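**Q** Sequence plus predicted model, see below.
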Amino acid sequence: MSDPALDWRLTVKRRVVVVAAALGVWVCGVEARLFDLQVLRHVELVTRAERQQSGTRTTPAKRGDILDRNGRVLATSVDVDTIYAVPSEIGDPNAAAKQLCRALGDCTAKERDALADRLTRQRSFAYVRRQVSPDEVKRVAALNLDGIGFIKENRRFYPNKELASHLLGYVGVDGNGLGGLESTYDSQIRGKAGTVLIHTDARRHAFSREERPPTAGATIELTIDEYIQHIVERELHDGVVENRALGGTAIVMNPHTGEILAMANEPTFNPNSYRDFEEMDRRNRAVQDLYEPGSTFKVVTVSAALEEKIMAPETLIDTNPGRIQVAPNRVVTENENHNYGLIPLSQVIVESSNVGAIKIGLKVGTERLSRFVSLYGFGHQVSPDFPAENPGIVWDPAEWTDSALASVSMGYQVGVTPLQMVTAVSAVANGGQYIEPRVVRALYRDNRRFVVQPKTLRRAISPDTAASMTEIMEGVVADKHGTATRAQMPGFTIAGKTGTARKLIKGHYSHTEYNASFVGFVPSRDPAIAVIVVIDSPHGPNEFFGGTVSAPIFKRIVEPTLRYLGVGPTINPPPPVLVERHPDSSATPASTNAVEPPVVSLVANAQPGTVPDVRGMSAREAVRTLVKVGMAVHVSGDGFVSSQDPAPGTPLDADTVCRVVLERRMVRSEAVHP
């Protein structure tokens with residue numbers, strides 16, 4: 001019989017072994033679990049913990065403004081409300097979607113179903129509608145629905161609606177530039193988004209917040225003048241309607257600096273609601289659409305002949321009998337079967353002779369003419385401000401036949417943009433220097449203004465050739481046989497060229513659809529502006545010719561623009577108004593009986609750093625004088641400067657605007673002594 005004491009000890013020992021084994025297994029399990037959590041799944045769990053304990057929210061940056069050359073706002077950003085939902089807090093998504101759509105007022109059945117689908121998904125956030133109007137906010141807020149809230153977002157706003165819309169472009173709901181300069185300079189305008197890091201406890205209560213504020217985008221100052229842009233858009237629209245045309249383009253440019261003062265297209269659109277317009281309405285015809293320029297391209301042909309000394313302006317060219325055979329199966333005739341007979345080279349431009357242009361082109365030859373086509377900027381992009389610019393179509397000279405050479409000589413078989421054409425003619429206006437066209441004048445970043453300087457790319461023709469071409473092109477407007485007599489303006493000499501080109505439709509030149517154009521600069525001997533007008537498919541009372549359709553629009557654009565710029569007449573200008581200046585009374589003894597003649601001066605030299613005295617000057621002289629010292633100028637009236645504000649001698653301040661009043665009467669004013 002076993003000893004009870006031994007049995008007890010054995011039982012205890014067995015139990016200890018079992019407990020120890022169980023503890024060992026438990027410890028091993030814990031160690032294995034710890035190894036899994038702290039080693040194998042360490043990265044995953046740390047990431048999950050950070051996601052649960054902290055949240056990052058992006059705060060959008062405010063886009064920079066876009067200004068005209070005088071600081072007027074063309075595009076800015078405003079705060080608007082966006083409606084959002086927390087789907088997990090919405091009990092009946094379908095009912096909520098119906099109520100929301102009823103409050104918004106313009107939901108389609110498809111949009112209502114899509115909204116219900118978004119609200120059904122168990123997420124922490126979903127958009128209901130972004131960037132809504134204040135009235136929509138009020139109607140939705142009145143519903144007092146659970147899980148529906150509002151947040152502020154930036155929305156792009158264009159205060160002038162359609163003004164310069166093709167140039168400015170537009171911005172999507174996410175704040176990204178989708179067209180025009182908004183897209184080209186998106187990286188500078190958009191700025192840098194900020195972030196907010198929020199730490200929460202187990203009950204999702206925030207206990208700390210770390211914020212990196214957003215960086216506002218740069219402000220861009222354009223070369224565009226809001227007032228000139230308004231003039232151009234108004235006259236272009238009226239011209240397109242009057243001539244029952246499909247569309248049109250007009251550009252106003254400073255030929256000396258390459259600054260584009262206005263760029264307009266028809267049809268146009270409102271960038272505030274760009275989705276309501278067709279893609280073709282949003283297309284910038286001035287830089288994206290190609291057309292065959294027709295006779296305006298004869299400027300290139302004739303200037304090449306003059307530059308290469310192949311011909312002179314008085315060289316006679318026989319255009320009889322009004323037609324020329326350029327290929328075995330191709331005969332080119334003059335417009336409306338005219339026969340200009342024996343005419344000098346200058347009249348080829350004045351009367352726009354196709355036969356004369358072809359004979360000049362054949363004399364110049366393929367190699368030389370193709371070289372001048374390139375010098376004038378055709379066949380490649382001309383401005384860095386338009387990355388979507390169409391480079392145009394210019395055939396490889398090796399592929400030019402005599403027929404192709406004849407076509408190019410009179411502006412066919414070559415595709416150009418209106419911007420390329422006006423820039424080429426601006427080279428003639430600028431004495432032969434080809435200036436890069438641009439629309440960005442300056443960039444504002446970090447309280448600093450970075451100015452974009454004019455850029456001379458090359459010399460296209462010599463000053464002598466440019467002078468000869470200017471004189472020839474004056475005849476297009478002034479000569480009784482010229483094709484653009486309807487562009488004449490009293491008091492001004494205008495140099496220009498008309499173009500009437502058949503449109504290529506389905507591989508054939510149409511007999512009913514034309515591009516009518518006119519390009520010129522004024523005043524011709526000291527140009528202030530160069531302007532091009534291109535009208536697409538006119539079918540109105542003025543027929544389809546460049547001289548009857550586009551030249552009158554050119555005139556209606558130029559007349560108010562010159563008045564606004566203070567450019568006086570160049571033909572029989574009014575006599576200058578002299579401003580009498582009284583001598584300093586302290587310099588003349590009071591007892592003297594001698595009568596001193598009045599001191600008369602048109603210019604009083606100002607001390608450095610002070611406002612110059614421009615009284616007595618013409619508007620143009622005054623503007624030049626004030627601009628040289630960095631001042632902006634606002635001109636009103638007609639004639640010569642009678643008063644100015646700030647007064648002469650006033651210390652110059654940054655961004656000072658000088659208001660100049662013009663009158664046509666003699667004005668007496670005392671000299672100002674700073």
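**A** That came through, no problem.

**Q** is it true that Leu143 touches Lys98?
**A** No - Leu143 is beyond contact range of Lys98, at 10.8 Å (criterion: CB atoms under 8 Å). For the C-beta atoms, the positions are set from N, CA and C on the backbone; glycine is no exception.

**Q** Looking at these two, which one has more neighbours?
**A** Comparing Leu143 with Lys98 by neighbour count (other CB atoms under 10 Å), the higher total belongs to Lys98, at 15 against 12.

**Q** ok, Ile224 - contacts?
**A** By CB atoms under 8 Å, 6 or more residues apart in numbering, Ile224 lies in contact with 68-69, 74, 164, 167, 260-263, 439.

**Q** In CSV: those residues, plus distance to Asp117, secondary structure and neighbour count.
**A** Shown next, in CSV, are the contacts of Ile224 (distance: CB to CB, whole Å; DSSP: H, G, I helix; E, B strand; the rest coil; neighbours: other CB atoms under 10 Å):
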residue, distance to Asp117, secondary structure, neighbour count
Asp68, 45, coil, 22
Arg69, 49, coil, 17
Leu74, 39, strand, 23
Ala164, 40, coil, 29
Leu167, 40, helix, 26
Ile260, 48, strand, 27
Leu261, 51, strand, 28
Ala262, 47, strand, 27
Met263, 44, strand, 29
Val439, 44, coil, 23
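
**Q** In JSON lines: those residues, plus pLDDT and distance to Val633.
**A** Listed next are the contacts of Ile224 as JSON lines, based on pLDDT from 0 to 100; distance: CB to CB, whole Å:
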{"residue": "Asp68", "pLDDT": "93", "distance to Val633": "14"}
{"residue": "Arg69", "pLDDT": "93", "distance to Val633": "11"}
{"residue": "Leu74", "pLDDT": "94", "distance to Val633": "20"}
{"residue": "Ala164", "pLDDT": "94", "distance to Val633": "22"}
{"residue": "Leu167", "pLDDT": "95", "distance to Val633": "24"}
{"residue": "Ile260", "pLDDT": "97", "distance to Val633": "19"}
{"residue": "Leu261", "pLDDT": "97", "distance to Val633": "15"}
{"residue": "Ala262", "pLDDT": "97", "distance to Val633": "18"}
{"residue": "Met263", "pLDDT": "97", "distance to Val633": "23"}
{"residue": "Val439", "pLDDT": "97", "distance to Val633": "21"}
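
**Q** Just put these in JSON lines and tack on distance to Thr483.
**A** As requested, these are exported to JSON lines (distance: CB to CB, whole Å):
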{"residue": "Asp68", "distance to Thr483": "34"}
{"residue": "Arg69", "distance to Thr483": "34"}
{"residue": "Leu74", "distance to Thr483": "36"}
{"residue": "Ala164", "distance to Thr483": "31"}
{"residue": "Leu167", "distance to Thr483": "30"}
{"residue": "Ile260", "distance to Thr483": "26"}
{"residue": "Leu261", "distance to Thr483": "26"}
{"residue": "Ala262", "distance to Thr483": "25"}
{"residue": "Met263", "distance to Thr483": "25"}
{"residue": "Val439", "distance to Thr483": "31"}
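
**Q** Which of those residues sits closest to Pro575?
**A** Checking the contacts of Ile224 against Pro575 by CB to CB gives Leu261 as the nearest, at 29.8 Å.

**Q** And for that closest one, nearest residue in space, chain neighbours not counted?
**A** Leaving aside its sequence neighbours, Leu261 sits nearest to Val252 (CB to CB, 6 or more residues apart in numbering; 4.5 Å).

**Q** so that neighbour is in which element?
**A** Using DSSP states H and E, Val252 maps to strand 247-253.

**Q** Pull out the buried positions in that strand.
**A** Under the neighbour-count criterion of 16 or more other CB atoms under 10 Å, strand 247-253 has 247-253 buried.

**Q** partners of that strand, with directions?
**A** strand 260-266 (antiparallel), strand 529-536 (antiparallel) (DSSP bridges).

**Q** Out of these, flag the one nearest Val414.
**A** Val414 lies closest to strand 529-536 among the strands paired with strand 247-253, at 14.8 Å (CB to CB).

**Q** Could you name the helices and strands sitting against the following helix or strand past that closest one?
**A** Per DSSP H and E, the first helix or strand lying C-terminal to strand 529-536 is helix 551-565. Counting contacts by 3 or more CB pairs under 8 Å, 6 or more residues apart in numbering; DSSP states H and E, helix 551-565 packs against helix 226-242, strand 247-253, strand 495-505, strand 508-522, strand 529-536, helix 619-628.

**Q** quick one, which of those is nearest to Val128?
**A** Proximity to Val128 (CB to CB) singles out helix 226-242 among the helices and strands packed on helix 551-565, at 37.1 Å.

**Q** quick one: buried residues of the closest one?
**A** For helix 226-242, by 16+ other CB under 10 Å, it's 226-233, 235-237, 239-240, 242.

**Q** for stretch 183-193, same thing?
**A** For stretch 183-193, a neighbour-count test (16+ other CB under 10 Å) marks 183-186, 188-191 as buried.

**Q** Show me which of those is closest to Lys309.
**A** Taking CB to CB as the measure, Lys309 lies nearest Thr184 of these, at 42.1 Å.

**Q** Pretty sure that closest one sits against Glu389.
**A** No - judged on CB under 8 Å, Thr184 makes no contact with Glu389 at a distance of 10.2 Å.

**Q** coming back round to it: now render the strands paired with strand 247-253 as JSON lines, adding distance to Ala551.
**A** Formatted as JSON lines, those follow (distance: least, CB to CB, whole Å):
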{"stretch": "strand 260-266", "distance to Ala551": "17"}
{"stretch": "strand 529-536", "distance to Ala551": "8"}
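
**Q** Among the ones you listed, which comes closest to Tyr158?
**A** Nearest to Tyr158, of all the strands paired with strand 247-253, is strand 260-266, at 15.0 Å by CB to CB.

**Q** immediately after that closest one, which helix or strand?
**A** Counting by DSSP H and E, the next helix or strand C-terminal to strand 260-266 is helix 285-288.

**Q** State the next helix or strand along the chain beyond that next one.
**A** Once the chain leaves helix 285-288, the next helix or strand it forms, by DSSP H and E, is helix 298-307.

**Q** still on that earlier bit, return the member of the buried residues of stretch 183-193 nearest to Leu342.
**A** Using CB to CB, Thr184 is the member of the buried residues of stretch 183-193 that lies nearest Leu342, at 51.5 Å.

**Q** what about the closest residue to that closest one other than its chain neighbours, which SS state?
**A** Leaving aside its sequence neighbours, Thr184 sits nearest to Pro387 (CB to CB, 6+ apart; 5.8 Å). The three-state label given to Pro387 by DSSP: H, G, I helix; E, B strand; the rest coil is coil.

**Q** Please report the distance of Pro387 from Tyr274.
**A** 19 Å (CB to CB, to the nearest Å).

**Q** between the buried residues of helix 226-242, which is closest to Ser636?
**A** If you rank those by distance to Ser636 using CB to CB, Tyr227 comes first, at 12.3 Å.

**Q** Verify the stated contact: that closest one with Leu565.
**A** No - applying CB under 8 Å as the test, Tyr227 and Leu565 come out as separate, 9.9 Å apart.

**Q** Need the overlap of contacts for these two.
**A** Common neighbours of Tyr227 and Leu565 (CB under 8 Å, 6+ apart) do not exist.

**Q** for Thr610, what are its contacts?
**A** Going by CB under 8 Å, 6+ apart, Thr610 touches 648-652, 674.

**Q** Same check on Val452?
**A** So Val452 contacts 438, 440-443 (CB under 8 Å, 6+ apart).

**Q** can you tell me how far Phe554 sits from Gly546?
**A** When distance is defined by CB to CB, Phe554 is 10 Å away from Gly546.

**Q** picking that back up, indicate which one of the strands paired with strand 247-253 is closest to His508.
**A** Proximity to His508, assessed across those by CB to CB, is greatest for strand 529-536 (17.7 Å).
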